[in-house]
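No letters, just coordinates:
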């Protein structure tokens, strides 16, 4: 399928407002390095996510993980997305896959 840029938005807080344990990010980092050969983590200034949740705007602070996957598989990433949702205690974790061409 070609190389893809994978972007994963991970929440800074758990559902109750507590900070996510750092080990969760470390495990994710290690898995992405193993799968993709590397990862870039945008964690210094958390991104602010806003979305409409049926009439009210919900805000979430996220850390962005990016990796390039030359072995892209929708099935593998769908399963990994479910694992991340469980790990970070979320209903869903946003994972984007964007086809890329290196220059």
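Structure received. Everything quoted here is computed from the prediction, not taken from an experiment. Numbers count the residues shown, from 1 in each chain.

any low-confidence regions in this protein?
1, 44-53, 57-58 (pLDDT under 70).

mind redoing it with 90?
Low-confidence segments of the chain (pLDDT under 90): 1-2, 13-17, 43-61, 102-103.

what ranges do the helices span in the protein?
When assigned using DSSP state H, the helices of the chain occupy the ranges 22-36, 74-87.

what distance separates the first one from the centre of its chain?
With CA atoms, centre = their mean, to the nearest Å as the basis, the distance from the averaged C-alpha position of helix 22-36 to the chain average is 11 Å.

Which residues outside it are in contact with it?
The contact list for helix 22-36 (CB atoms under 8 Å, 6 or more residues apart in numbering) reads 6, 8, 10, 38-39, 41, 43, 63, 65, 67-71, 80, 84, 87-88. No exception for glycine: its C-beta is placed from N, CA and C like everyone else's.

Select only the buried ones of those in ChimeraX?
Here is the ChimeraX selection string for the buried members of the contacts of helix 22-36, based on 16 or more other CB atoms under 10 Å:
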select :6,8,10,39,41,63,65,67,68,69,80,84,87,88
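
Could you point out which of the helices of the chain sits nearest residue 101?
Closest to residue 101 of the helices of the chain, according to CB to CB: helix 22-36, at 16.8 Å.

Pull out the buried positions in that closest one.
Here helix 22-36 shows 24, 25, 28, 31, 32, 35, 36 as buried, counting by 16+ other CB under 10 Å.

Thank you, goodbye.
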